[in-house]
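Asks: starting from these lines, generate the structure:
(one chain, ligands or ions: 1)
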Amino acid sequence: MTYAVKECFLTLQGEGMQSGSRAVFLRFAGCNLWSGRGQDRATAQCRFCDTDFVGTDGEGGGKFGTAEALANQVERLWGDGSERRLVVITGGEPMLQLDSALVDALHERGFRIAVETNGTIAATPGIDWICVSPKAGTTVVQRSGDELKLVWPQDRIEPAELESWAFDHFMVQPMDCAEREAAVEAAVRLAMERPKWRLSLQAHKVVGLA
Ligand code: SF4
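Replies: A predicted model of the protein is given here:
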């Protein structure tokens, strides 16, 4: 298959349990919950997206004809050294494109594969770290994994109901929106009231990384 990649670059993971880890970020183009176009946002299933995932014109982006070609790009960006190789695959919605051929090609090059998904499509087997970020009003089928990341606040999501899902870590992250202060307050309140949840901040934005 041909993989459509919005951007691919070396950085530090900014969010969640692996925050601060050196990683190649691979952002696939396209999402199943929003077209990415401003005129469609009001009618989209997911309306608070802070990411440009349209097209293949970002840094390191493009169309890749094989899993090997894309895995080679990831390896090239990592550079020398085989220790703690990590690729964070996101989007858009990565499960639209991440198949077992790419999982195998990345593993052959020694990468641990972390994924950030909205959970509406079952995760491809073999992924090493599954982070699900549920969106209100959608049906989440991927209810197990390593990390559940709740962007907060969201109407029509009840954190208590998510706590029965099979994740090792429950993270609450303030929504990056115009009412940011209120979102931070709400996220702090949730973590204080429900000890299962830990506060996740977007460290890459604090230090000015992409
Ligand atoms: S599911 Fe994720 S990538 Fe898709 S529109 Fe929502 S926030 Fe953006």
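Asks: and stretch 41-55, end to end?
Replies: Distance between the two ends of stretch 41-55: 17 Å, counting by CA to CA, to the nearest Å.
Asks: whoops, stretch 149-163 was the one
Replies: With CA to CA, one end of stretch 149-163 sits 12 Å from the other.
Asks: against the ligand, how distant is Leu98?
Replies: 14 Å (CB to the nearest ligand atom, to the nearest Å). Any C-beta I mention is one placed from the backbone N, CA and C, and that applies to glycine too.
Asks: just say helix, strand or coil for that residue.
Replies: Classification of Leu98 by DSSP: H, G, I helix; E, B strand; the rest coil places it in coil.
Asks: against which helices or strands is the longest helix along the chain packed?
Replies: When the chain is parsed with DSSP state H, its longest helix is helix 180-193. If you count contacts as 3 or more CB pairs under 8 Å, 6 or more residues apart in numbering; DSSP states H and E, helix 180-193 packs onto strand 144-152, strand 166-174, strand 197-199.
Asks: packing partners for the first one?
Replies: The criterion is 3+ CB pairs under 8 Å, 6+ apart, and the helices and strands that strand 144-152 contacts are strand 129-132, helix 159-162, strand 166-174, helix 180-193.
Asks: which of those sits closest to the ligand?
Replies: strand 129-132 (10.7 Å; CB to the nearest ligand atom).
Asks: show me where the chain has helices.
Replies: Using DSSP H, helices in the chain cover 67-78, 100-108, 159-162, 180-193, 203-207.
Asks: can you list the buried residues in the longest one?
Replies: Neighbour-count burial for helix 180-193, with 16 or more other CB atoms under 10 Å as criterion, is recorded at Ala183, Val184, Ala186, Ala187, Leu190, Ala191.
Asks: can you list these in TSV and add distance to Ser200 and pLDDT?
Replies: Output for the buried residues of helix 180-193, formatted as TSV (distance: CB to CB, whole Å; pLDDT from 0 to 100):
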residue	distance to Ser200	pLDDT
Ala183	12	96
Val184	11	95
Ala186	13	97
Ala187	8	97
Leu190	11	98
Ala191	9	97
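Asks: filter those down to the ones close to the ligand.
Replies: For the ligand, no contacts are drawn from those by CB under 6 Å from any ligand atom.
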